[in-house]
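Chemist: here are the coordinates; sequence isn't available:
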């Protein structure tokens, strides 16, 4: 009976570890795909001589792409953190059985130089900030068409 419980626990561990890895991979695909779509849309919205209707449609779609990408990235991050926490607790409570806590957050880089501070930034937050900037640019095109083609 104890062997059955350990087998089930080992299987759960493998499933959640695999799911966490997949979620992490998907999370980083979101901004890349979003920026690809937005580059195309901003090319239309900022094209010389683009009609106001084309600017509105392209900028509106770029705004939607930014906002939905931010939400999707946040959702993936939420699930990835939840799975990581579950895995960390599982590993810590089974150290006696040979589990090593590999899913704990790594220590922050040390040092006070510019590079150390740059590396300490959360890549997740940096990418969210970048997507917000794209959303704001789309809003600017929607609200102030004159700055593009005076």
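Modeler: Nice, thanks for sending it over. These figures come from a predicted structure and were not determined experimentally. Residues are numbered from 1 along each chain as shown.
Chemist: contacts for the least confident helix or strand in the chain by mean pLDDT?
Modeler: Using mean pLDDT, DSSP states H and E, the weakest-scoring helix or strand in the chain turns out to be helix 114-120, at a mean of 83. For helix 114-120, contacts defined as Cβ atoms under 8 Å, 6 or more residues apart in numbering pick out 108-110. C-beta here means a position set from N, CA and C on the backbone, and glycine is covered the same way.
Chemist: return the set of buried residues in it.
Modeler: Buried residues in helix 114-120, counting neighbours by 16 or more other Cβ atoms under 10 Å, are absent.
Chemist: for residue 103, give me its contacts.
Modeler: 17, 20, 84, 87-88, 91.
Chemist: over to residue 40?
Modeler: Per Cβ under 8 Å, 6+ apart, neighbours of residue 40: none.
Chemist: tell me the SS of it?
Modeler: Counting by DSSP: H, G, I helix; E, B strand; the rest coil, the backbone at residue 40 sits in helix.
Chemist: look up the pLDDT of it for me, please.
Modeler: According to the prediction, residue 40 has pLDDT 95.
Chemist: low-confidence ranges in the chain?
Modeler: 1-2, 146-150 (pLDDT under 70).
Chemist: where do the helices of it begin and end?
Modeler: 2-45, 52-93, 114-120, 123-143 (DSSP state H).
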